[in-house]
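>>> task: produce atomic coordinates for the following.
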Amino acid sequence: MDWLDFDTDNCSVQRTLDVIGDRWSVLVLREVFNGVRRFDRIKQHTGISDSVLSDRLRRLLDAGVLVASEYREPGSRRRKEYRLTDAGLDLQPVLISMLRWGDKHRADPAGPSLNVVHRGCGAPVRTEIVCDAGHPVPQREVRNEPGPGARKRATGPVA
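Purely as a prediction, here's the structure:
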C-alpha cells in the first residue's frame with residue numbers, strides 16, 4: 001500500500017486539529033482539566049486576551065468539547081462556567097501525552113511543573129498504546145492501514 005495514493009481531506013487528525021489545533025485552545029483545555037473553569041480565571045492564568053478567549057471558548061462549545069453553565073456571585077451579573085463534555089474528557093490522554101512528551105524532551109531543569117496521578121493510589125498516570133485485544137503495543141509495532149472512510153486520490157500519487 002502506498003499511503004500517497006490516498007486522499008487526506010477526511011483525515012481525523014486534521015478534524016481534531018480543526019477543533020484544538022492552536023496554542024490557545026489547548027491551553028484553555030489545560031485550564032479546564034485543572035479545574036479553572038471561569039472566564040476571568042482562565043484569562044488571568046493564561047494571559048490570553050478577551051477576544052481570543054471568547055473565540056476559543058465559542059469554538060470548543062460549538063465542537064461539543066465544553067458545555068457552559070451559568071452562575072451568579074452575590075451582587076454580580078450572571079456569568080458562565082465551562083466544563084468538559086464526554087468528548088472533552090476523551091481529550092485527556094492527548095493532553096497527558098503532550099505533558100509527558102514535554103517532561104521528557106523539554107523539561108524544566110527543576111523537573112515537571114505538574115504531576116498527573118491516580119486518585120486511588122497516587123501513582124503517576126501515563127498513556128500507552130494498547131490494541132483492542134488488550135495487548136500493549138510498542139510504538140515501532142504500530143502499522144497504519146486504510147480504514148473504511150479512506151478514499152483513493154483522484155489524481156494519483158503525490159510526486
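
>>> residues contacting Val65?
19-20, 29, 84-85, 87-88, 91 (CB atoms under 8 Å, 6 or more residues apart in numbering). C-beta coordinates here come from the backbone N, C-alpha and C atoms, glycine included.

>>> ranges for the strands of the protein?
In the chain, the strands defined using DSSP state E lie at 66-72, 78-84.

>>> what residues sit buried inside the first one?
To tie it back to what came earlier, the one meant is strand 66-72. 66, 68 (16 or more other CB atoms under 10 Å).

>>> from the contacts of Val65, pick the one nearest Arg119.
Leu84 (16.4 Å; CB to CB).

>>> ok, the residue nearest to that closest one when sequence neighbours are not counted to Arg83 distance?
Excluding its sequence neighbours, the residue lying closest to Leu84 (CB to CB, 6 or more residues apart in numbering) is Val32, at 5.9 Å. Counting by CB to CB, to the nearest Å, the gap from Val32 to Arg83 is 7 Å.

>>> overlap in contacts, these two.
Leu66.

>>> between those two, who's got more neighbours?
Shown here are Val32 and Arg83; by other CB atoms under 10 Å, Val32 has more neighbours (22 against 12).

>>> contacting residues around the more buried one?
42, 66, 82-84, 88.

>>> please tell me which one of the contacts of Val65 counts the most neighbours.
Within the contacts of Val65, Leu29 tops the neighbour count with 23 neighbours, counted by other CB under 10 Å.

>>> these two touch, right, that residue and Leu95?
Yes - between Leu29 and Leu95 a contact is recorded at 6.4 Å, counting by CB atoms under 8 Å.

>>> just the helices in the chain please.
12-20, 23-33, 39-46, 50-62, 86-89, 92-105 (DSSP state H).

>>> will you turn those helices into JSON lines that also has mean pLDDT and distance to Pro74?
Listed next are the helices of the chain as JSON lines, based on pLDDT from 0 to 100; distance: least, CB to CB, whole Å:
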{"stretch": "helix 12-20", "mean pLDDT": "95", "distance to Pro74": "35"}
{"stretch": "helix 23-33", "mean pLDDT": "98", "distance to Pro74": "24"}
{"stretch": "helix 39-46", "mean pLDDT": "97", "distance to Pro74": "16"}
{"stretch": "helix 50-62", "mean pLDDT": "98", "distance to Pro74": "24"}
{"stretch": "helix 86-89", "mean pLDDT": "98", "distance to Pro74": "29"}
{"stretch": "helix 92-105", "mean pLDDT": "95", "distance to Pro74": "34"}
